[in-house]
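>>> Sequence first, then the predicted structure:
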Amino acid sequence: MKILVIGASRGIGLEVVKLALARGHEATALLRDPARLALDDERLRKLRGDALNGEDVAQAVAGQDAVCSCVGVGLTRQPVSLFSRGARNLLAALESAPRTRLVVVTGVGAGDSRGHGGFFYDKIFQPLLLKPMYEDKDREEALIKESNANWLIVRPGLLTNGPRTGKYRVITDPEASVAGRISRADVADFILSEIERPSLFRQTPALIY
């Protein structure tokens, strides 16, 4: 399959690219600076572009079987718009390709998972450190859910740099507790598994151990 990854230079996006290549797929990475992706493979294409530029996104999306958005921002108290603006560009690019699989990574605490991440996360960590980010992730999720795209929203718990185990919980009940951790490599494992064999599209599963 041909898989586009936005936000591929680090974190979950980088793990998705590495695993996609390991499983024999063709990967395209949309990067503001292609040199930041220290991978080389005959099945890897690096495109210079910005998730906030509609033309760049449209060019990258063309011909893809799946698109995975793993963009992120650092901790900030300033308003954030990257996630919602990027989602608008992706959805516009996918209007002419409704069968393309769209996977978007948000996180535990976004949308209707708010308030189910455990006391420390819900009462301290998210409101003090992540509020602007998650306000925009909420907007991002709302845009995606209202669209006609073939979407899957993935909400990982607290992220670690641990190994890929292939053993984790996938929680689809919005009222369930989703407090927990998961490695970036295992989030990538779930994403690739869903792209290859879709079973939860148009849902918002949370991932934890």
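Thanks, I have it. Numbering: from 1, shown residues only.
>>> On the pLDDT front, check the spatially most central residue of the chain for me.
By CA atoms, centre = their mean, the mean C-alpha position of the chain lies nearest to residue 105, the distance being 2.4 Å. As predicted, residue 105 sits at a pLDDT of 98.
>>> what helices or strands is the helix or strand where residue 135 lies leaning on?
In the assignment (DSSP states H and E), residue 135 maps to helix 131-146. Secondary-structure packing of helix 131-146 (3 or more CB pairs under 8 Å, 6 or more residues apart in numbering; DSSP states H and E): helix 82-94, strand 101-105, strand 150-156. The C-beta positions use only the backbone N, C-alpha and C, and glycine is treated the same way.
>>> Tell me how far residue 167 lies from residue 94.
In this structure, residue 167 and residue 94 are 32 Å apart, going by CB to CB, to the nearest Å.
>>> In terms of neighbours, single out the busier of those two.
Shown here are residue 167 and residue 94; by other CB atoms under 10 Å, residue 94 has more neighbours (23 against 8).
>>> And the more buried one, how far from residue 165?
Applying CB to CB to residue 94 and residue 165 gives a distance of 32 Å.
>>> Which stretches in this structure count as strands?
When secondary structure is read from DSSP state E, the chain shows strands at 2-6, 26-31, 44-48, 66-69, 101-105, 150-156, 158-160, 169-171, 181-183, 206-208.
>>> The nearest residue to residue 85 once chain neighbours are set aside: neighbour count?
Counting by CB to CB, 6 or more residues apart in numbering, residue 52 is the residue found nearest to residue 85 once chain neighbours are left out, at 5.4 Å. The tally of other residues near residue 52 (other CB under 10 Å) stands at 15.
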